[in-house]
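**Student:** fold the following and give me the result.
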Amino acid sequence: MDRLPRIGLGWDRHALAAGHTCKLAGLEIDCPVGPVGHSDADVILHALTDALLGAAGLDDLGTLFADTDPRWKDAASTDFLAAAVGLLADSSLRVISVDMVVVCDLPRLAPHRGAMRANLARLLSLPVNRVNLKGKTTEGGPANASAAIEVHAIVMLKDVTPSGGCA
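**Tutor:** Here you go, the predicted structure:
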């Protein structure tokens, strides 16, 4: 079996609107706007889950948890992440490193960054120093840019198949 590390890239973007709960990295953030989506719209967990699935060579988030399927209406994105981590374990793969960039004008991420990193580390069973998350603003980009939040995630996986055993 190929024992080289695997790298996956995930990306997601959601519109932001008033009256929606702002759920990011599995935590509820106090903000006047929140991501809009079929599930809880946790854009950080969506990008992360897609990166994990991609690194493992598995179907993507939209295929496994289609937004046309009523079962996933208002679903917790932590469930999507847990399912992906379970699929990795079934494939003898383990997450060893995560790096993400969140692009938004609201919410301001700095006050929540430590808690978000800690929660992601907990969800992935990693030390916090193996999970990084950076916030960037649009710096006055296109007028509609501040009405959305987008995340880029990259992950590294390693094969944890026991060596020397019988296949």
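
**Student:** residues contacting the closest residue to Arg113 other than its chain neighbours?
**Tutor:** Setting aside the residues directly before and after it, Arg113 is nearest to Leu133 in space (Cβ to Cβ, 6 or more residues apart in numbering), at 6.0 Å. C-beta here means a position set from N, CA and C on the backbone, and glycine is covered the same way. Contacts for Leu133 (Cβ atoms under 8 Å, 6 or more residues apart in numbering) come out as Ala25, Ile44, Met100, Val101, Val102, Leu109, Arg113, Met116, Arg117, Leu120.

**Student:** low-confidence ranges, the protein, go.
**Tutor:** 1, 141-146, 164-167 (pLDDT under 70).

**Student:** all strands for it, in order.
**Tutor:** Using DSSP state E, the strands of the chain run over residues 6-18, 22-24, 27-29, 33-35, 93-103, 131-136, 148-159.

**Student:** turn those strands into CSV, including distance to Ala75.
**Tutor:** As requested, the strands of the chain are exported to CSV (distance: least, Cβ to Cβ, whole Å):
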stretch, distance to Ala75
strand 6-18, 14
strand 22-24, 11
strand 27-29, 15
strand 33-35, 14
strand 93-103, 21
strand 131-136, 22
strand 148-159, 18
